[in-house]
Each structure stands twice: as C-alpha cells, then as structure tokens.
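S.K.: Structure here, sequence nowhere to be found:
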C-alpha cells in the first residue's frame, strides 16, 4: 500500500545531470547512426546485387549467342566430311568466318591433326591438335587461350567437335566493360563438377553454387551466377565489397550522419518529454504537500423537475504560473507514483470542510467523489475516509463514490472494494459507463447503486449515430438491475427533453444545468434553487 507521505525523489546534481543528458543524446545518436549505417549498407548491397544481376544477364545473353554460333559452325562442317579441306570447303570456311561475329577461324581435323584453316588454308605438314582441357556433356572439347597459328604468340579459346575446331575471338566480351565489376564465362565438364573459364577471371565459386543461380556473398565478394538449364555453360558477375564501399561511401556517410541527427533529435525529444513529465510530477507533489489542489462542484439534477439533488466534486490544479493543468495530465501521473490516494483524501476533506454543514443536515443531498482503482484496495484510503467522516459528523450515505468502468477491470479487487464501500453506507456509482466492458453479470456482482452514462452517448442524441440507440438499452439494463441512472454531458434543451420523455426516473449532469464551479458559486446555485422551489410553492 502506498504511504500517505511520499518519499522525496533524489535529484542529481546539475553537472551529473548534464553528463547523463549528454550520454542519453550520444547513445541515441550512436544507436540510430549504427542502424542507419547498417540499413543503408544493406540497401547499397541490394542495389549492387541488382546491378550484378543485370550485368550477369547481359553476359548470359552474349554467351548464348556465342554458343549458338559455335554450335551452328560445328554442325555445318561436320555434316560434310567428304569435303574436308577441298577448294569448295575452303571458300565455305572463309565465308563462315567473314559472316560470324565470335568465330575468328575454323580448322578441319582428321586423326588428331589439323589439315587446314579458313585463314591459313592447307597446312603442310598437318599440325597436331593439342589435348582438350575439358569435355562438355555434349562431347565438345574445350581449351582456354590456346596458342594460335595465325598470329605468333596469340592465344584464343578453342572448341572442337568431330572434324571441326572453332577458334573464338579472345576479345568477344570486351564490348561489355564494367570498371568496377568482374566476370567469368566458361563451360562445364560432362560431370558438371568443374568450370573451365574462357573469358574473364577465374571464380572461387563451386559449380553447385554457380548452378543455383542465386546471388552470393562470400569471402568479401558479391557474385551473381547464371547457368544454362542443360548445364552447358555458366556466367557470373562479381564485385568486391571494398569496391561497393568505395562507390557508395558518400551515400553511406550521409545516411549515417542523418541517422545520428535523427537519433539526437529523438533523444532530445525524449529528454524534454522526460523533463516536462518529471517537472510536472515534482510540481504536483509540491501542490499536494501544500494542499494547493482545488475542488469544483458540478450540479446533479433530477430531470423531472430540474432540482439540484447533489454534485460531483472535481479536483482541479492551478499551476504556479496560474494555468490550469487538465486532470487528464496530472491524474495518470498521480496514479503511477501512488499520490492519487493523497489527492482523493484531500478532495474528501475539502468537501467535508466546504459543505459539511449541508451534509450534516437531514435530507438526501449528496456529493460524490472520484476514486481510483488503487483507492479501492487501499486500507489507508478507507481508514482516512472513515476518520474524516467521523470527525466531521457526516454520514457515509451523504458521500457518493464514483468508479470509472475501466478502474473495475481487476474483478476481485473491484468486487470486494465496492462491497466494502456499500457496507459502510456509501452510494457507489459506475462513472463513464459504456466506455468499458462490464457485463450484466459483472454489474450485478459489483453491487453498485447507479450508472453514470458517458457523455459520448449523450452527444449523439438528436443525431443518426449508432450510439444514441444504446441509451434506451442502458436505461433498460439499469431498470433490470434496479439501478439509478445519471446522464452525463447534457448540454442542450433537446437532449434534456429527449431524456425527460423516457419512462424512467433519470438524473442528469452537464453544462445545461451548470458548469463545474467553486464552492461559493455552488452555494449560490443551491440558494437560487431553493428560492425557486419556495416561489413555486407560493
């Protein structure tokens, strides 16, 4: 249970507070900078993967064209073995090389020796064909950068099959330059376990990774492989992460700085919010300690004749600068730090001081106070209330207790607390009814006296809103449970007239009958109400 006297919170020295503030701002800035840097780096990697994918697609398309040209050349000349190196075939060889894009020379082979080429015609004596470095699944013999006869010391990729060898352009892929990306184009062996690069640089990727066809991030290098479905050839584009960083360092720096600034701004906002809250909390504690909270009273009338039958006591706080602090701001703080019980007791004592004479007189005039869920289960609150009423001679039935529907969510506490209040003689109200989730059985178990229908339902009277149709249902619910009903937020004569037409004795509260007012003004309103009754009688 919260003690009546709240322990004063220790406040750090200004120097320590500045260090703590700087640490919070620095922490937020560092955290968001790291998040921004990591996020922007991931974005940059994603963009780089897309670029690598586009580049790999270009390589694949070009390799497909090269493969098709080689295939056509091999098929064409292997179908005419009888013409090997004849004058007619020599013309065909030269024409094929002239029209080809990737093929730079074509040789004709028999018995492991090359007898002629398109460029050198007949070779005398025939030249032995070097052994292949790899044989594909289709039986093609592939060699990378084999020495050529046409130009001394030159090398070029060679693909042979049957009696035909095709010498490829060694610069076939130089038309797809990329200053910051590498690539490889090569053929797979018959077992699909090894790749022989014909163009570009060797790759560290294994064949299984190449054939998977998915972006790869390995050993500090991004790669994007693509292979034919038949497993004939593969291509891959690649880029070191160091190159990615070098290309995008400015973007990463800007994102990191912006992230740090955003974090510092968020940290500053949090600090300011924390300061405002704790500054408000401190001022509230001081106001409670000085008994500086005020109480205003809003009349509760009987709708049938408009007579004032009671009031609701409403706590108010005027800050040191003279501005009113809304209860919606300071009450949650008080509930959180436990000082709400002190506020409740102060309101009760203020009511007893300002209206004790009226409450001690015979009659049914009643003033209700609002309590919190913490008050329900607090022996301090119950003891303080009993002591106050005994000291002032006020009967418990003259002090109503209002509970919001949300404060009754802890069922066991709510049931035992309302039962205890009722046994002491207090009338218990469920305030703001309709905004929570009380069931019929739960209401019966709570054993309250009255429901106060929330103003959100009242405001819909005279409109087409769905909520207005619930007002008669709530009234019927109260009739079933034998409860009184107080309608909150009555502000217009149309609302009053509508409620008067309901076949049920209703009570009302709202600006139409009086705004919250000081004790002195409320006494004037009571005197005016009494004078009106006397004039009606006369």
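M.R.: On my side now, so go ahead. For clarity, every value in this text was computed on a predicted model and none was experimentally measured.
S.K.: where are the low-confidence patches of the stretch 51-200 of the chain?
M.R.: 149-153, 175-179 (pLDDT under 70).
S.K.: Please enumerate the strands of it.
M.R.: Using DSSP state E, counting those that start in this stretch, the strands found in the stretch 51-200 of the chain span residues 103-110, 113-117, 121-128, 134-135, 141-147, 155-161, 164-168, 182-188, 195-200.
S.K.: now for the third one, which elements pack on it?
M.R.: Read that as strand 121-128. If contacts are counted by 3 or more C-beta pairs under 8 Å, 6 or more residues apart in numbering; DSSP states H and E, strand 121-128 sits against strand 113-117. C-beta: built from backbone N, CA, C; applies to glycine.
S.K.: likewise the shortest one?
M.R.: Helices and strands touching strand 134-135, as assessed by 3+ C-beta pairs under 8 Å, 6+ apart, comprise strand 141-147.
S.K.: cool, and the last one?
M.R.: Counting contacts by 3+ C-beta pairs under 8 Å, 6+ apart, strand 195-200 is packed against strand 141-147, strand 182-188.
S.K.: out of these, deepest packed?
M.R.: strand 182-188 (a mean of 23; mean count of other C-beta atoms under 10 Å).
S.K.: strands paired with it, and their directions?
M.R.: strand 195-200 (antiparallel), strand 233-240 (antiparallel) (DSSP bridges).
S.K.: where do the strands sit along the stretch 301-450 of the chain?
M.R.: Going by DSSP E, counting those that start in this stretch, the stretch 301-450 of the chain shows strands at 307-318, 324-325, 366-370, 399-404, 427-433, 450-453.
S.K.: Can you lay out those strands as JSON lines showing mean neighbour count, distance to residue 499 and mean pLDDT?
M.R.: Listed next are these as JSON lines, based on neighbours: other C-beta atoms under 10 Å; distance: least, C-beta to C-beta, whole Å; pLDDT from 0 to 100:
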{"stretch": "strand 307-318", "mean neighbour count": "19", "distance to residue 499": "15", "mean pLDDT": "94"}
{"stretch": "strand 324-325", "mean neighbour count": "14", "distance to residue 499": "30", "mean pLDDT": "90"}
{"stretch": "strand 366-370", "mean neighbour count": "22", "distance to residue 499": "20", "mean pLDDT": "94"}
{"stretch": "strand 399-404", "mean neighbour count": "23", "distance to residue 499": "20", "mean pLDDT": "88"}
{"stretch": "strand 427-433", "mean neighbour count": "22", "distance to residue 499": "15", "mean pLDDT": "87"}
{"stretch": "strand 450-453", "mean neighbour count": "24", "distance to residue 499": "10", "mean pLDDT": "90"}
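S.K.: Reformat these as CSV; add distance to residue 333.
M.R.: CSV is the format used below for the strands of the stretch 301-450 of the chain (distance: least, C-beta to C-beta, whole Å):
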stretch, distance to residue 333
strand 307-318, 11
strand 324-325, 10
strand 366-370, 16
strand 399-404, 17
strand 427-433, 20
strand 450-453, 24
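S.K.: Now do the SS call for residue 202.
M.R.: Secondary structure assignment for residue 202 (DSSP: H, G, I helix; E, B strand; the rest coil): coil.
S.K.: With adjacent residues omitted, what lies nearest to it?
M.R.: Excluding the flanking residues, the one nearest residue 202 by C-beta to C-beta, 6 or more residues apart in numbering is residue 184, at 6.8 Å.
S.K.: Phi first, then psi, for residue 132.
M.R.: Main-chain dihedrals, residue 132, degrees, to the nearest 10: phi -70, psi 150.
S.K.: burial count for it?
M.R.: 16 (other C-beta atoms under 10 Å).
S.K.: Apart from its chain neighbours, what residue comes closest to it?
M.R.: With C-beta to C-beta, 6+ apart, the residue lying closest to residue 132 is residue 141, at 3.4 Å.
S.K.: who touches the one you found in this structure?
M.R.: Taking C-beta atoms under 8 Å, 6 or more residues apart in numbering, we find residue 141 in contact with 132, 134-135, 159-161.
S.K.: redo that, cut-off 10 Å
M.R.: When contacts are counted by C-beta atoms under 10 Å, 6 or more residues apart in numbering, residue 141 touches 109, 129-135, 158-162, 165.
S.K.: Out of these, which comes closest to residue 194?
M.R.: residue 134 (6.7 Å; C-beta to C-beta).
S.K.: list the contacts for that closest one?
M.R.: 140-144, 186-190, 194-196, 198.
S.K.: rewinding a little: closest one to residue 364 among the strands of the stretch 51-200 of the chain?
M.R.: Nearest of these (C-beta to C-beta): strand 182-188, 93.9 Å.
S.K.: chain center to the closest one: distance?
M.R.: With C-alpha atoms, centre = their mean, to the nearest Å as the basis, strand 182-188 stands 44 Å off its chain's centre.
S.K.: Please report how far residue 509 lies from residue 396.
M.R.: To residue 396, residue 509 is 22 Å away according to C-beta to C-beta, to the nearest Å.
S.K.: Now do the closest residue to residue 121 other than its chain neighbours against residue 118, distance only.
M.R.: Excluding the flanking residues, the one nearest residue 121 by C-beta to C-beta, 6+ apart is residue 90, at 5.7 Å. For residue 90, the distance to residue 118 (C-beta to C-beta) stands at 7 Å.
S.K.: Compare neighbour counts for the two and give me the winner.
M.R.: residue 118 (24 against 17).
S.K.: give the contact list for that one.
M.R.: 89-98, 100, 103-108, 150, 167.
S.K.: one more time with 7 Å
M.R.: 93-94, 97, 105-106 (C-beta atoms under 7 Å, 6 or more residues apart in numbering).
S.K.: on that earlier part again, of the contacts of residue 141, buried ones?
M.R.: 109, 129, 132-135, 158-162, 165 (16 or more other C-beta atoms under 10 Å).
S.K.: shouldn't residue 369 be in contact with residue 347?
M.R.: Yes - in this structure residue 369 lies within contact range of residue 347 using C-beta atoms under 7 Å: 5.3 Å.
S.K.: circling back: and which of the buried ones among the contacts of residue 141 is nearest residue 70?
M.R.: Distances from residue 70 to the buried ones among the contacts of residue 141, taken by C-beta to C-beta, are shortest for residue 159, at 5.3 Å.
S.K.: was I right about the closest one contacting residue 142?
M.R.: Yes - judged on C-beta under 7 Å, residue 159 makes contact with residue 142 at a distance of 5.4 Å.
S.K.: overlap in contacts of these two?
M.R.: Contacts common to residue 159 and residue 142, judged by C-beta under 7 Å, 6+ apart, are absent.
S.K.: Ramachandran coordinates for residue 244?
M.R.: Dihedral angles (degrees, to the nearest 10) for residue 244: phi -60, psi -40.
S.K.: so who does it touch?
M.R.: 44-45, 48, 222.
S.K.: what do you get if the cut-off is 6 Å, keeping everything else the same?
M.R.: residue 48 (C-beta atoms under 6 Å, 6 or more residues apart in numbering).
S.K.: quick revisit: between residue 509 and residue 396, point out the one with more neighbours.
M.R.: residue 509 (24 against 18).
S.K.: Surely the more buried one and residue 491 touch.
M.R.: No - at 10.5 Å, residue 509 does not count as touching residue 491 under the criterion of C-beta atoms under 6 Å.
S.K.: Low-confidence stretches in the stretch 351-500 of the chain?
M.R.: Using pLDDT under 70, the flagged stretches of the stretch 351-500 of the chain are 405-409, 435-442, 464-469.
S.K.: what are the ranges of the helices in the stretch 301-450 of the chain?
M.R.: Assigned by DSSP state H, counting those that start in this stretch, the helices in the stretch 301-450 of the chain fall at 327-337, 340-360, 373-376, 379-392, 411-424, 440-446.
S.K.: Report the angle between the first one and strand 366-370.
M.R.: What that stands for is helix 327-337. 60 degrees (axes from the mean of the first three to the mean of the last three C-alpha atoms, to 10 degrees).
S.K.: Return the list of helices and strands in contact with the helix or strand harbouring residue 223.
M.R.: Taking DSSP states H and E as the definition, residue 223 sits inside strand 221-227. When contacts are defined as 3 or more C-beta pairs under 6 Å, 6 or more residues apart in numbering; DSSP states H and E, strand 221-227 sits against helix 14-78, helix 207-212, strand 233-240.
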